[in-house]
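> please find the sequence and the predicted model below.
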Amino acid sequence: MPAVLTPSGWTIPAAAQREEGGLALIASPTERTALLSIALIRDLTTTRQQVALPSGALWVSVQYRLLPGATAVANQFARIVVNAASDADANGRLALDGAFIALCQGDELLIAGQDDDPITRIDVVSSAAVGSEKTLLQVLAGVRQ
């Protein structure tokens, strides 16, 4: 089955499709076969942290939560960069509005990779100094087998 070009211009590789009754059905990223990899970052700070996925992830779910009983810091969110080419690239993108993905506390982000361009690296920092705030950033990744 060939790759499918969607109306929005995204190419969906053949591996993410299945054929049924002459129709191409597109698989959700979380329905693609992969091994689960879990990374936890407690009490996210303004110091860059990296999650490496060397074998490549087909999908990644990132959750940023305030732990029960903790007091939130005003205007707090996580800055996320996917597949930075280097530490310098990650630092530059994390510092520039529009170059990072903003993830507010309590939100979840689902990112899909492609077979020929998987997710291999995620860099993250908090947007403001944290102090005594207690948070958990969880990265669940479906890595290639």
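Yep, it's here. Since we're looking at a predicted model, the values are computed, not measured. Numbering: from 1, shown residues only.
> buried ones in stretch 137-145, by neighbour count?
137, 139-143 (16 or more other Cβ atoms under 10 Å). Yep, even glycine has a C-beta here, placed from its N, CA and C like the rest.
> try stretch 111-124
Here stretch 111-124 shows 111-114, 118-124 as buried, counting by 16+ other Cβ under 10 Å.
> would you reformat those residues as JSON lines and include pLDDT?
Output for the buried residues of stretch 111-124, formatted as JSON lines (pLDDT from 0 to 100):
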{"residue": "Ile111", "pLDDT": "90"}
{"residue": "Ala112", "pLDDT": "88"}
{"residue": "Gly113", "pLDDT": "87"}
{"residue": "Gln114", "pLDDT": "84"}
{"residue": "Pro118", "pLDDT": "92"}
{"residue": "Ile119", "pLDDT": "94"}
{"residue": "Thr120", "pLDDT": "95"}
{"residue": "Arg121", "pLDDT": "97"}
{"residue": "Ile122", "pLDDT": "97"}
{"residue": "Asp123", "pLDDT": "98"}
{"residue": "Val124", "pLDDT": "98"}
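> got those residues as CSV, with distance to Ala70 and secondary structure columns?
Converted to CSV, the buried residues of stretch 111-124 look like this (distance: Cβ to Cβ, whole Å; DSSP: H, G, I helix; E, B strand; the rest coil):
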residue, distance to Ala70, secondary structure
Ile111, 26, strand
Ala112, 31, strand
Gly113, 32, coil
Gln114, 37, strand
Pro118, 34, coil
Ile119, 29, strand
Thr120, 32, strand
Arg121, 28, strand
Ile122, 23, strand
Asp123, 24, strand
Val124, 19, strand
